[in-house]
Structure formats: structure tokens, C-alpha cells
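> here's my sequence, what's the structure:
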Amino acid sequence: MIEIRVPALREHADDIPELLEAMLQRLSTRIGASLPTTTGEARAALQRYAFPGNVRELENILERAIALSVSGVIDVADLQLRQPTAAPLPEIAVAETASAHPTSAGPAAGPSAALGDQLENIERAAIVKALEQTRYNKTAAAKLLGMSFRALRYRVKKLGIK
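The predicted model follows:
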């Protein structure tokens, strides 16, 4: 057996700008969005980030940032980078939010669920609630959620909300 060591992305922070541009091009083409630009602060934050999930995490971060970016310019806030020392979500708040909408797909998030699953359940519940409040008018729901129609449409598709 031959072992090939593939270094973690955090060990090659200098490669992030090229990966960033290539991934943004590919993702924007795939989801039908115009190619976004990134601020210098966003690029610097990505180069400082530890990337526990490696390249796949970079892709997920950028995919979410494209959806959340209203102006077509990705800033640090759009990246929603997790801090390695961040405190976990309060167990009660997660359970209340996730179980508040029985129409949301998937089981209610609990303390043993992964953070990503908890966030998806919370996001799904918020979108379903906004859609119900606006009688499934996606334009009004997007406005209620403080996001663009395009971002809402993308999130609905990504989360499998019918």
C-alpha cells in the first residue's frame, strides 16, 4: 500500500485566493448567479481560518456566502466563519426553535446533533414559518427574512422545502 499525504488547506493558506476564484466561478455558474466579488477583509479572513473541514468546507462557506450576499459582494459577515473557540448553541434555544415547526423536514435537533444539522433545521423552520406567514409568496417571505428572492429560492431548493 502506498500512502500519499495530502496537506490540509490550513497548511496552504497561500493557495486560498486561487481556490476562492475558481470555486466562485464554478458555484455562480452552477446556481445561475452572477460572479460575486470578495472584499479584501473576506479574503484575509479566509486565509486566517483554520478550515477543519478542508476544501469541502471552503466550498460550503462560499456556496452559503453567494446565497446570502445581497449586493454581489461577499464580505466577512457573508462568510459566517465559525470560530474554533465559539460556545455551542444553547440546548434549550435549539430544541425550542427546531421543534416549534412540526412541518420542518427531519428530526428536531438535539444536543447530540451536529452543529450544521442544527443550523439547517433552524434555517428550514424560519423559512417555512416565513412562507406560511406570507401564504407562500416567496417575494414577501424573502423580504420578511431580510434576504433577496434569489437567495430564498436557492435556500428553499437546497433545504428541500416543498
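> and stretch 11-19, how far from the chain's centre?
Centre-to-centre, stretch 11-19 and its host chain are 20 Å apart (CA atoms, centre = their mean, to the nearest Å).
> er, stretch 145-162 actually
Per CA atoms, centre = their mean, the displacement of stretch 145-162 from the mean C-alpha position of its chain is 12 Å.
> give me the buried positions along it.
L145, M147, S148, R150, A151, L152, R153, Y154, R155, V156, L159, I161 (16 or more other CB atoms under 10 Å). (C-beta placed from N, C-alpha, C; glycine too.)
> skipping adjacent residues, who's closest to I31 in space?
Y154 (6.0 Å; CB to CB, 6 or more residues apart in numbering).
> dump the helix or strand hosting the one you found to PDB, restricted to CA.
Using DSSP states H and E, the element containing Y154 is helix 149-159. C-alpha atoms of helix 149-159 as PDB (Å, rounded to 0.1, in the frame of the first residue of the first chain):
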ATOM      1  CA  PHE A 149     -35.600  36.500  -3.600                       C
ATOM      2  CA  ARG A 150     -32.800  34.700  -5.400                       C
ATOM      3  CA  ALA A 151     -31.200  33.700  -2.000                       C
ATOM      4  CA  LEU A 152     -34.500  32.400  -0.700                       C
ATOM      5  CA  ARG A 153     -35.200  30.400  -3.800                       C
ATOM      6  CA  TYR A 154     -31.700  28.900  -3.600                       C
ATOM      7  CA  ARG A 155     -32.100  28.000   0.100                       C
ATOM      8  CA  VAL A 156     -35.600  26.500  -0.500                       C
ATOM      9  CA  LYS A 157     -34.100  24.300  -3.100                       C
ATOM     10  CA  LYS A 158     -31.000  23.400  -1.100                       C
ATOM     11  CA  LEU A 159     -33.000  22.500   2.000                       C
END
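> make TSV from the buried residues of stretch 145-162 and add pLDDT and distance to R56 to it.
As requested, the buried residues of stretch 145-162 are exported to TSV (pLDDT from 0 to 100; distance: CB to CB, whole Å):
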residue	pLDDT	distance to R56
L145	81	27
M147	81	24
S148	84	26
R150	88	24
A151	86	22
L152	88	25
R153	90	24
Y154	89	19
R155	88	19
V156	91	23
L159	88	19
I161	90	23
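> any chance of these in a markdown table, plus distance to N137?
Output for the buried residues of stretch 145-162, formatted as a markdown table (distance: CB to CB, whole Å):
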| residue | distance to N137 |
| --- | --- |
| L145 | 12 |
| M147 | 14 |
| S148 | 15 |
| R150 | 15 |
| A151 | 16 |
| L152 | 11 |
| R153 | 13 |
| Y154 | 17 |
| R155 | 16 |
| V156 | 13 |
| L159 | 18 |
| I161 | 14 |
